[in-house]
Each structure stands twice: as C-alpha cells, then as structure tokens.
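Student: model this:
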Amino acid sequence: MYKYTRQEVANRLSISTRSVDRYIKAGKLRAKKEGKVVYVKGSDVENILSGSSVKQEVIMPNAPVEENMIQKKSETSSGGGLDMIYKDLRSEIAKKDEIIQNLSINLGRYEEVAKNSVSLIEFKKSQFLLDESRGYLNKEIEDLKTSNDKLTGDLKYEKTSNLLLIVFVIALLIISGTVWFMQI
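Tutor: So this is what the prediction gives:
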C-alpha cells in the first residue's frame with residue numbers, strides 16, 4: 001500500500017528527499033503520484049530499513065523469466081567456494097552501498113547549504129556599499145566636528161563681548177551715579 005510521502009520516507013531512512021527520488025528512479029522504491037504528492041509503497045521502505053537483500057524486490061518491467069531459471073540452476077550446482085565468493089561480494093556491495101548512502105546524505109546537506117548561502121558577488125557588493133556608507137558617515141562626522149568647533153569659537157566670542165558690555169554698562173552706571181550724587 002502506498003502510505004508514505006517522500007518526506008516521511010526521507011526522515012525514516014535518514015536520507016534526503018533527493019535520494020528518495022533517486023531510489024524511485026532506480027527502481028528500489030515503488031511510487032505513486034497523486035496530484036503533486038508522491039506516495040511510496042510501505043513494504044519497499046520496510047525492506048530497505050531491514051537491510052536484508054532477500055526481502056528486497058527489484059522492480060523491472062517485463063523482466064525476463066529465463067534469467068531467473070538460469071540463476072536458480074547455477075545456485076544449486078555451485079559448491080562451497082562460490083558461496084564464499086558470493087558472501088564476500090555481498091559484504092563488499094553492502095559496504096559500498098552504505099558509502100553511497102552516506103555520500104548521498106552529505107550531497108543533500110551540501111545542496112541545502114549551497115541553496116541557502118549568499119553568492120560571492122552579492123557579498124562583495126554589500127561589503128562595497130557598507131564601506132562606501134562608512135566613508136560617507138566619517139565625512140559627515142568630520143563636517144559636524146568642524147561646525148561644532150566653529151560654533152564653540154563663536155559662542156566664546158559672544159560670551160566675552162557680552163561680559164565686556166556688562167562691565168561697560170556697570171561702569172557707566174557707576175559714573176552716572178557718582179555724577180548725579182555730586183550734583184545734588
């Protein structure tokens with residue numbers, strides 16, 4: 001029964017969805033598409049999870065029947081030496097299949113990282129714009145410091161001139177007061 005989605009199969013087998021697509025294309029998993037959702041046959045997922053090559057079904061359309069009969073005859077007639085070779089080859093195939101699965105998982109992860117990363121050109125462009133804005137801000141800061149210094153100098157000048165005017169007015173008041181008292 002087709003009961004698992006691609007994402008569920010990927011999570012269950014600890015592989016990427018792209019690897020699930022590869023398994024479907026290679027014929028290791030049977031799939032059925034309903035609309036935009038792809039469903040995978042549950043027994044195929046269980047066979048891959050169990051890792052037993054006896055349970056695995058190779059899905060081939062129009063598979064030749066003669067090949068199976070020849071294979072059965074050769075298996076029955078082979079001796080102990082061929083069984084050893086067969087076991088060695090199976091273990092090598094299992095190791096290489098595990099390596100392929102790990103590489104496929106890593107490939108899926110790297111594809112996600114590459115998809116979510118920023119390109120070098122965009123990074124350089126943003127860095128250039130940032131440096132340009134820093135230069136503009138530094139220029140504005142210098143302009144503000146210069147105008148601040150100028151305003152500070154003007155303020156000191158105004159304070160001293162106001163102080164002199166106050167002293168002058170007080171002196172005039174004292175002189176006018178003394179002149180007025182002398183006339184009385």
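Student: how far away is the residue nearest the centre of the chain from Gln183?
Tutor: Residue closest to the average C-alpha location in the chain (C-alpha atoms, centre = their mean): Asn116, at 3.9 Å. Going from Asn116 to Gln183 by C-beta to C-beta, to the nearest Å gives 97 Å. Where you see a C-beta, it was placed from the backbone N, CA and C, and this is true even at glycine.
Student: now do the single longest helix found in the chain, average pLDDT.
Tutor: The longest helix of the chain (DSSP state H) is helix 120-183. Here helix 120-183 scores 93 as its mean pLDDT.
Student: what's the neighbour count on Asn11?
Tutor: Residues lying near Asn11 (other C-beta atoms under 10 Å) number 13.
Student: which residues touch the helix or strand harbouring it?
Tutor: According to DSSP states H and E, Asn11 maps onto helix 6-13. If you take C-beta atoms under 8 Å, 6 or more residues apart in numbering as the criterion, helix 6-13 is touched by Tyr4, Ser16, Thr17, Ser19, Val20, Asp21, Leu29, Val38, Val40, Val45, Ile48, Leu49.
Student: which among those residues end up buried?
Tutor: Neighbour-count burial (16 or more other C-beta atoms under 10 Å) applied to those gives Tyr4, Ser16, Ser19, Val20, Leu29, Val38, Val40, Val45, Ile48.
Student: how close does Asp149 get to Asp143?
Tutor: The gap separating Asp149 from Asp143 is 11 Å, by C-beta to C-beta.
Student: oops, could you answer that again for Leu155 instead?
Tutor: From Leu155 across to Asp143, the span is 19 Å (C-beta to C-beta).
Student: off-centre distance for the one helix or strand Tyr110 maps to?
Tutor: Secondary-structure element containing Tyr110, defined by DSSP H and E: helix 80-116. Relative to the centre of its chain, helix 80-116 is centred 26 Å away, using C-alpha atoms, centre = their mean, to the nearest Å.
Student: one more: stretch 115-135?
Tutor: 17 Å.
Student: do the same with stretch 22-38
Tutor: The answer for stretch 22-38 is 27 Å, by C-alpha atoms, centre = their mean.
Student: ok, back up a step: show me the contacts of helix 6-13 that map onto helices.
Tutor: Thr17, Ser19, Val20, Asp21, Val45, Ile48, Leu49.
Student: name the nearest of these relative to Ala171.
Tutor: The shortest approach to Ala171 among the ones in helices among the contacts of helix 6-13 belongs to Thr17, at 94.8 Å (C-beta to C-beta).
Student: much appreciated, bye for now.
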